[in-house]
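>>> Coordinates for the following, if possible.
(one chain, ligands or ions: 1)
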Amino acid sequence: MSKIAPSAGAKPGTVFLVGAGPGDPDLLTLRAARLVMNAKLIVHDGLVEPAILAMARPSARLVSVAKSRSRHTLPQEGINDLLVREALGGTDVVRLKGGDPFVFGRGGEEAEACRAAGVPVEVVPGVSAALGAAAAAQIPLTHRDAASVVSFVAGQCKGLTDQNWSGLAGVGRTLVIYMGVATAEAIADKLIADGLAPEMPVAVIENATRPEMRVLRGSLAALASLVAKNKVKSPALIVIGEVAARDEVDVRAIALEAAK
Ligand code: SAH
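Okay, the predicted model is just below:
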């Protein structure tokens, strides 16, 4: 929680927690685009595309608080304090995050810190990676013939064994795993130990909605080798369930056809 107090009488700026979507700038909401184009100060994650940041005014101040699994540029507390300090100084802050701010984006923590300091907060939703990736790879997350439930989980190593995923994956259900490529092997082992069939289809979608997107398909038992052989890197999502094997389409061929 922030220890910064509002200065008497000054009207604080608003902190806008804005979803930047999965990459393609066309997937910004109009509200997000308008905020980015008018911002004086943008505090952004590493996942936000340069093309989106390029929409800001030349005079806008851009502050990166990029985090990577191994290297923390600014701890969460430091980000919260930065947002609060700027807002209490009277500046509106556009806090730009990949995907949606409230899906594995720590938006909840930032909103709490702002509210605790008396700073007004607005949240602008974004296309979360699961939705962007599913659309780009043409994998329906639900389908009347294949899945009526969809769950989003985080697969980063910390806490993986403590998470209870039983019942989230299986026949008629789709499981989407964020931040799971580094722990793909442990994830497959965990799900198979929970009773999931080793032949359950999986899809790995890397850099969804960006020009360099790749969609790889296989079975749960082969997930770790699929990731390793193809040298899949973050950001990537893992989709597990029957939908991952439906109507396999060559999305790259479609994109090339559309571009003609
Ligand atoms: N708030 C974000 C998620 C942040 S967690 C959202 O709603 O999408 C970061 C994880 O999101 C990455 O490790 C990856 O699993 C996923 N991700 C983000 N952008 C992605 C993209 N373009 N393609 C595939 N996965 C992506």
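
>>> where does the chain dip in pLDDT?
Scanning the chain for pLDDT under 70 picks out the ranges 1-9, 67-73, 157-158, 249-260.

>>> Tell me which residue in it sits closest to the ligand.
Residue nearest to the ligand within the chain: Gly99 (1.9 Å; Cβ to the nearest ligand atom). Where C-beta positions appear, they are placed from N, C-alpha and C, glycine not excepted.

>>> doesn't Gly19 make contact with that residue?
Yes - using Cβ atoms under 8 Å, Gly99 makes contact with Gly19 at a distance of 6.0 Å.

>>> number of nearby residues for Arg57?
Counted with other Cβ atoms under 10 Å, the neighbours of Arg57 add up to 12.

>>> how far away is it from Leu35?
In this view, Arg57 and Leu35 are 12 Å apart by Cβ to Cβ, to the nearest Å.

>>> which residues sit in contact with Thr29?
Gly19, Gly21, Val124, Pro125, Gly126 (Cβ atoms under 8 Å, 6 or more residues apart in numbering).

>>> what about the nearest residue to the first one once chain neighbours are set aside, how many residues close to it?
With sequence-adjacent residues excluded and distances taken as Cβ to Cβ, 6 or more residues apart in numbering, Gly19 is closest to Gly126, at 1.7 Å. A total of 29 residues lie near Gly126 under the criterion other Cβ under 10 Å.

>>> switch to numbering from 41
OK, 41 is where the count begins now, so the last one is Gly166.

>>> what sits against Gly166?
Gly166 touches 58-61, 67-69, 72, 137-141, counting by Cβ under 8 Å, 6+ apart.

>>> any idea how far the residue of the chain closest to the ligand lies from Arg146?
Distance from Gly139 to Arg146, by Cβ to Cβ: 12 Å.

>>> Neighbour count for these two, which is higher?
Gly139 (29 against 16).

>>> dump the residue contacts of Ala262.
Applying Cβ under 8 Å, 6+ apart to Ala262 gives the contacts Val242.

>>> what are the phi and psi angles of it?
The phi/psi pair for Ala262 (degrees, to the nearest 10) reads phi -100, psi 10.

>>> Ok, Ala228 next?
The phi/psi pair for Ala228 (degrees, to the nearest 10) reads phi -60, psi -40.
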